[in-house]
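Enquirer: sequence and predicted structure, then a few things I'm wondering about:
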Amino acid sequence: LFQWQINDSIDGRIQLTPCFIKPLIAGLCMGIITFFSYKIFNGIFGLIFSGYILNLLASVVSIALSAGAYGIVLLLIGGVKKSDLNSLPNKITKLIPKKIYRKLK
């Protein structure tokens with residue numbers, strides 16, 4: 001419903017796939033990775049730590065992994081354009097593998 005109102009008010013059309021579908025796919029992958037990585041690291045760190053420290057370490061590691069996975073999946077499915085990346089600082093764009101960066105449009 002809101003999509004129709006937006007399209008009418010701007011006299012244009014917002015494409016559904018790049019704006020909603022691709023980030024949704026990347027978000028689902030991120031959620032799956034977060035869930036399983038937390039379980040794995042909770043088990044691994046559970047051998048050494050317990051309580052608050054265990055949950056803290058497992059959460060931090062799983063959030064870091066899933067944030068990286070979100071970015072990688074978004075790059076791989078074409079959810080980010082080369083012009084989008086050019087607006088970021090060079091320190092961030094240097095982290096992207098050249099093979100993936102060259103494939104971007």
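Expert: Yep, that arrived. What you see is a predicted model; the values in this text were computed from it and never measured. Numbers count the residues shown, from 1 in each chain.

Enquirer: from I63, how far out is the residue most central in space within the chain?
Expert: Among the residues of the chain, Y70 comes closest to the average C-alpha position under C-alpha atoms, centre = their mean, at 1.8 Å. Using C-beta to C-beta, to the nearest Å, Y70 is found at 10 Å from I63. Placement of C-beta: from N, CA and C, glycine included.

Enquirer: isn't I100 up against L75?
Expert: Yes - in terms of C-beta atoms under 8 Å, I100 counts as a neighbour of L75; the distance is 5.3 Å.

Enquirer: now do the contacts for K105.
Expert: Counting by C-beta atoms under 8 Å, 6 or more residues apart in numbering, K105 makes contact with G78, K81, K82.

Enquirer: hmm, try it at 10 Å
Expert: Applying C-beta atoms under 10 Å, 6 or more residues apart in numbering, we find K105 in contact with G78, V80, K81, K82, S83.

Enquirer: ok, now K82?
Expert: Contacts of K82 (C-beta under 10 Å, 6+ apart): T93, Y101, R102, K103, L104, K105.

Enquirer: which parts of this protein are helices?
Expert: 2-9, 16, 22-45, 52-76, 82-86, 90-93, 98-103 (DSSP state H).
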